[in-house]
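> Pasting the sequence and the predicted model now:
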Amino acid sequence: MSRTATHLLRLLIFSILVALSYRLYNGYHLLVPIYPLPISYFHFPASTSQSTSQLPLSTSTTGQCHRINAPSGQLAYCEDLEEWHSLSGDRLGLLASCDPSRRGWNTVMGPLRDPNPRGSVWLVDPSTEESVQLPLVGYPEGHDFHPLGISVLPSAPGEPTTLFAVNHGRHNSTIEVFRLSSPSSGSPQLEYVRTLTHRRILSPNAVVAISPSTVLMSQDHTFTRRLPPPLGNTLPMLESVLALPGGSVDVLQFQPSSPQAAGTFTTPTFTSAVPHFPFANGLAYSPLTQTLAVASSSKAAVYMYDLPLASSVLLLPLRHKSTTPVPFSPDNLSFSSSGTLYASGHPNFPAIIRHAKSASSRAGSWVVSISQDGETRTVFQSAGGPEEEAWNASTTAIADEEHGKVWISGLYGEGILACGPA
């Protein structure tokens with residue numbers, strides 16, 4: 001075959017892929033059930049909530065929700081929420097990973113226009129609803145910061161702890177390592193320690209801190225928006241809609257006391273924990289059940305794996321325990337102290353794509369609880385929209401089961417949604 005014929009064949013195949021991706025995108029609602037959602041519905045505790053198969057018949061709720069905002073307006077577009085605990089289990093606050101410039105720089109859904117404005121990590125006091133942006137101390141000048149998933153280790157009294165953050169910079173994606181100062185210091189801050197970079201870190205999404213030198217990381221795609229157009233606009237969409245197993249869960253390990261000084265770029269050891277996973281998104285670990293939960297946005301399911309941490313050696317690859325389907329594309333996950341899993345996500349995939357392009361477009365939200373025996377119940381639903389009680393594009397839900405409260409972040413939401421008893 002001549003070189004010209006080869007180029008023409010490649011062009012034909014590529015054109016078919018482009019056409020197929022758009023056809024699949026436009027026909028998504030024919031293949032996946034789209035449920036009608038209320039403007040806002042909240043019911044807690046989940047143990048008395050209705051099944052996800054029974055949608056609420058009205059917007060009346062057994063609780064109410066409001067927004068936690070910062071005067072600066074920068075507590076916005078928060079993709080991840082993380083509970084910060086002491087070693088004794090006391091809640092020290094909620095940490096929010098926020099990037100108000102997400103509509104100008106989003107390496108998962110696009111666009112890739114302006115990587116210059118930095119994102120931030122916020123500390124929210126759930127009791128007073130006061131929030132403070134954590135200063136980045138010693139962070140390299142000119143180093144982008146577009147945080148996505150974050151994870152923090154429990155804090156010893158009066159001591160700093162380690163926080164890991166996924167960072168989608170302009171040139172490549174990395175994992176940033178910080179020291180988070182003790183809340184007793186009066187003004188908590190993030191002190192930059194090092195940047196983890198590796199040729200196999202392509203599309204990090206969520207992280208789970210195992211130790212100060214070990215972190216689990218989900219990767220959502222093999223093909224990313226960083227590819228040159230039109231590949232970057234087409235191949236990630238195909239990988240998502242066709243549920244191709246291009247994602248993974250991986251382990252990064254490094255030596256904190258290595259000759260490489262803190263404040264440098266460090267290449268960790270890279271080991272696969274769950275290979276060939278379709279759209280690996282949120283991660284959560286329960287020390288109570290020694291279970292790692294992994295969200296598959298393409299498969300609309302949460303996968304459970306055994307992860308015993310009694311030994312200093314991780315047994316890889318992880319052993320699959322069970323799979324729980326959910327009625328939406330799950331984003332992030334969190335475990336409560338009781339071992340109940342909370343999954344947040346997007347009930348209409350095309351809607352979240354449209355919402356990423358335009359704030360005037362609605363994107364629904366759905367939060368469910370998953371018990372240890374796999375029973376799934378609805379905690380929160382919203383059709384999205386501009387209404388004060390509505391919530392667009394839910395990403396993470398953190399539950400306080402003792403007091404019947406839930407805090408929810410939104411990919412393009414203003415503030416944090418706080419729900420509790422009426």
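Yep, that arrived.

> could you point out which element follows the helix-or-strand element of the chain with minimal mean pLDDT?
Ranked by mean pLDDT, DSSP states H and E, the weakest helix or strand in the chain is helix 28-31, scoring a mean of 45. Reading on from helix 28-31 to the C-terminus, the next helix or strand found by DSSP states H and E is strand 41-42.

> Give me the sheet partners of that following strand and which way each runs.
strand 376-382 (antiparallel) (DSSP bridges).

> In the strand it pairs with, which residues are buried?
Under the neighbour-count criterion of 16 or more other CB atoms under 10 Å, strand 376-382 has 376-382 buried. Where C-beta positions appear, they are placed from N, C-alpha and C, glycine not excepted.

> which pair in those residues spans the largest distance?
The most widely separated members of those are 376 and 382, with 18.0 Å between them, by CB to CB.

> So which residue is dead centre in this structure?
Centroid-nearest residue in the chain: residue 332, 4.2 Å away (criterion: CA atoms, centre = their mean).

> residues contacting that one?
The contact partners of residue 332, by CB atoms under 8 Å, 6 or more residues apart in numbering, come to 79-81, 149, 206, 281-282, 284, 295, 343-344, 395-397, 409.

> Out of the residues you listed, which sit inside helices?
Nothing among the contacts of residue 332 maps onto helices, per DSSP state H.

> Relative to residue 175, which of the residues you listed is nearest.
residue 149 (9.3 Å).

> thinking that closest one is in contact with residue 206, fair?
Yes - judged on CB atoms under 8 Å, residue 149 makes contact with residue 206 at a distance of 3.6 Å.

> shaky segments in the chain?
1-34, 45-62, 257-263, 310-312 (pLDDT under 70).

> Now do the helices in this structure.
With DSSP H as the criterion, the chain has helices spanning 3-26, 28-31, 231-241, 349-357.

> Tell me the bridge partners for residue 80.
Counting by DSSP bridges, residue 80 is bridged to residue 97.

> can you count the residues close to it?
If you count neighbours by other CB atoms under 10 Å, residue 80 ends up with 27.

> Enumerate every residue touching it.
96-97, 147-150, 206, 332, 395-396, 409.

> mind redoing it with 10 Å?
Counting by CB atoms under 10 Å, 6 or more residues apart in numbering, residue 80 makes contact with 95-98, 121, 147-151, 165-166, 205-207, 282, 331-332, 334, 395-396, 409, 411.

> Repeat that for residue 78.
Contact analysis of residue 78 by CB under 10 Å, 6+ apart lists 94-100, 102, 119-122, 124, 147, 395-396, 408-416.

> swap in residue 354?
Residues in contact with residue 354 (CB under 10 Å, 6+ apart) are 348, 360-363.

> The contacts of residue 332 in strands, which ones?
Cross-referencing the contacts of residue 332 against strands under DSSP state E gives 79-81, 149, 206, 281-282, 284, 295, 343-344, 395-397, 409.

> circling back: quick check, nearest of the contacts of residue 332 to residue 309?
Of all those, residue 284 has the smallest distance to residue 309: 14.0 Å, by CB to CB.

> Distance to residue 65 for the buried residues of strand 376-382 - can I get that in a markdown table?
Converted to a markdown table, the buried residues of strand 376-382 look like this (distance: CB to CB, whole Å):
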| residue | distance to residue 65 |
| --- | --- |
| 376 | 21 |
| 377 | 18 |
| 378 | 14 |
| 379 | 11 |
| 380 | 8 |
| 381 | 11 |
| 382 | 9 |
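
> ok, of those residues, which one's closest to residue 237?
Within the buried residues of strand 376-382, the smallest distance to residue 237 is 25.4 Å, found for residue 382 (CB to CB).

> how near is residue 84 to residue 162?
Computed as CB to CB, to the nearest Å, the residue 84 to residue 162 distance reads 12 Å.

> Please enumerate the shared neighbours of those two.
Common neighbours of residue 84 and residue 162 (CB under 10 Å, 6+ apart) are 152-153, 155, 180.

> Quick one: buried ones out of the residues you listed?
With burial judged by 16+ other CB under 10 Å, the buried subset of the shared contacts of residue 84 and residue 162 is 152-153, 155, 180.

> who's in contact with residue 322?
Listed by CB under 10 Å, 6+ apart, the contact partners of residue 322 are 291, 293, 302-305, 373-374.

> Out of those, list just those in strands.
Here DSSP E is the test, and the contacts of residue 322 give 291, 293, 302-305 as lying in strands.

> would you turn those residues into TSV with distance to residue 233?
Listed next are these as TSV, based on distance: CB to CB, whole Å:
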residue	distance to residue 233
291	37
293	31
302	29
303	29
304	34
305	33
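
> Report whether the expected contact of residue 216 with residue 282 is present.
No - under the criterion of CB atoms under 10 Å, residue 216 is not in contact with residue 282, lying 11.7 Å apart.

> So the two - more neighbours on which side?
For residue 216 versus residue 282, neighbours defined as other CB under 10 Å are more numerous around residue 282 (27 against 24).

> Was I right to think the more buried one contacts residue 335?
No - applying CB under 10 Å as the test, residue 282 and residue 335 come out as separate, 11.1 Å apart.

> quick one: common contacting residues for these two?
Common neighbours of residue 282 and residue 335, using CB under 10 Å, 6+ apart, are residue 293.

> Filter the contacts of residue 80 down to just the buried residues.
95-98, 121, 147-151, 165-166, 205-207, 282, 331-332, 334, 395-396, 409, 411.

> Convert the C-alpha atoms of stretch 123-139 to PDB, please.
Extracted as PDB, the C-alpha positions of stretch 123-139 are listed here (Å, rounded to 0.1, in the frame of the first residue of the first chain):
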ATOM      1  CA  LEU A 123     -10.600  24.800  55.400                       C
ATOM      2  CA  VAL A 124     -14.200  24.900  56.400                       C
ATOM      3  CA  ASP A 125     -15.400  24.700  60.000                       C
ATOM      4  CA  PRO A 126     -18.700  22.800  59.700                       C
ATOM      5  CA  SER A 127     -20.000  24.000  63.100                       C
ATOM      6  CA  THR A 128     -19.600  27.700  62.500                       C
ATOM      7  CA  GLU A 129     -19.500  27.500  58.700                       C
ATOM      8  CA  GLU A 130     -16.500  29.800  58.700                       C
ATOM      9  CA  SER A 131     -14.000  29.200  55.900                       C
ATOM     10  CA  VAL A 132     -10.400  30.200  55.200                       C
ATOM     11  CA  GLN A 133      -8.200  29.800  52.200                       C
ATOM     12  CA  LEU A 134      -5.000  28.000  53.200                       C
ATOM     13  CA  PRO A 135      -1.900  29.900  52.200                       C
ATOM     14  CA  LEU A 136       0.700  28.000  50.000                       C
ATOM     15  CA  VAL A 137       4.000  28.500  51.800                       C
ATOM     16  CA  GLY A 138       7.200  27.900  49.800                       C
ATOM     17  CA  TYR A 139       5.300  26.900  46.600                       C
END
